[in-house]
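take a look and give me a structure for this.
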Amino acid sequence: MQSLSFAVEYAWRTAAEEALQAGAESIAPMHLLIGVCSIEKFFYQEKPTQLSGYALAALRFEWQEFVTRLTAAGSSPSALRRAGREALHFKPGVKATKNVKMSRSKESKALFDRADAIAKAAGSTVLGLVYLFQAMIEKDGPISELLSAQNVNLEKLRESTLEASKRPLQPPNLKDLQSASAEVSFPPPGSR
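Just a heads-up that it's a prediction; the model follows:
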């Protein structure tokens, strides 16, 4: 698998926290969707994550692209995050009590494999948010059902995401951005 963008890495970490708090055995695709929609919380943390200006610009770039497509299709990240939690019967205020590493479910691994293939086909050096989201919505399933139930124009969202996923992720000045940078440190789980 290619290097993950900062946005995908943050979404994955958040999805793991969501899965732990829900008492799930593994990170399901719906947890990943919640993680993606939770990226906006990154920008409002009390204790900001240490990122270089370069990394922060890349994260903001990916986030704005996602929000623009989702809003144009008739929803918002916060509305979709709430709906995802309701679909999983998430109980607010429940905190994870075990300190374990969460693995991705078979379905989530398949999403990452598909996103990796989409990224490679686009000539991207990084597996970014647009590719992961394209993998999430390109086929009918629980995520597309949730989007439809939220009155999201799924056809418009699929079309705009597909078009964006055919191009390399970053503008030329961000093309070598990778999640392995030593300048990045994410907060420990539960500190948000």
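
wait, Ala28 touches Ala19, no?
Yes. Between Ala28 and Ala19 there is a contact at 6.9 Å, judged by C-beta atoms under 8 Å. Yep, even glycine has a C-beta here, placed from its N, CA and C like the rest.

which one of the two is surrounded by more residues?
Ala19 (26 against 22; other C-beta atoms under 10 Å).

let me know the pLDDT of that one.
If you check Ala19, the pLDDT there is 91.

just the CA atoms of the one helix or strand it maps to, as CSV, please.
Using DSSP states H and E, Ala19 sits within helix 6-22. C-alpha atoms of helix 6-22 as CSV (Å, rounded to 0.1, in the frame of the first residue of the first chain):
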residue,chain,number,x,y,z
PHE,A,6,-2.2,13.0,6.8
ALA,A,7,-6.0,13.2,6.3
VAL,A,8,-6.4,9.4,5.8
GLU,A,9,-4.0,8.7,8.7
TYR,A,10,-6.1,11.0,11.0
ALA,A,11,-9.4,9.5,9.8
TRP,A,12,-8.0,6.0,10.4
ARG,A,13,-6.9,6.8,13.9
THR,A,14,-10.3,8.5,14.6
ALA,A,15,-12.1,5.4,13.2
ALA,A,16,-10.1,3.2,15.6
GLU,A,17,-11.2,5.4,18.5
GLU,A,18,-14.8,5.2,17.3
ALA,A,19,-14.7,1.4,17.0
LEU,A,20,-13.2,1.1,20.5
GLN,A,21,-15.8,3.4,22.0
ALA,A,22,-18.6,1.4,20.3
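
now do the buried residues in that helix.
Residues of helix 6-22 classed as buried under the neighbour-count rule (16 or more other C-beta atoms under 10 Å) are 6-22.

cool, and stretch 118-134?
Of the residues in stretch 118-134, 118-119, 122, 124-134 count as buried by neighbour count, 16+ other C-beta under 10 Å.

just stretch 67-86 next, same as before
Taking 16+ other C-beta under 10 Å as the criterion, stretch 67-86 shows Arg69, Leu70, Ala73, Ser75, Pro77, Leu80, Arg81, Ala83, Gly84, Arg85 as buried.

and the helices in this protein?
Here the chain has its helices, by DSSP state H, at 6-22, 29-37, 39-42, 53-72, 77-87, 106-122, 129-137, 142-149, 154-164.

spatially nearest residue to the most centrally placed residue in the chain (excluding sequence neighbours)?
Centroid-nearest residue in the chain: Val36, 2.7 Å away (criterion: C-alpha atoms, centre = their mean). Nearest non-adjacent residue to Val36, counting by C-beta to C-beta, 6 or more residues apart in numbering: Ala11, 4.5 Å away.

contacting residues for that neighbour?
Contact analysis of Ala11 by C-beta atoms under 8 Å, 6 or more residues apart in numbering lists Leu32, Gly35, Val36, Ser38, Ile39, Leu129, Leu132.
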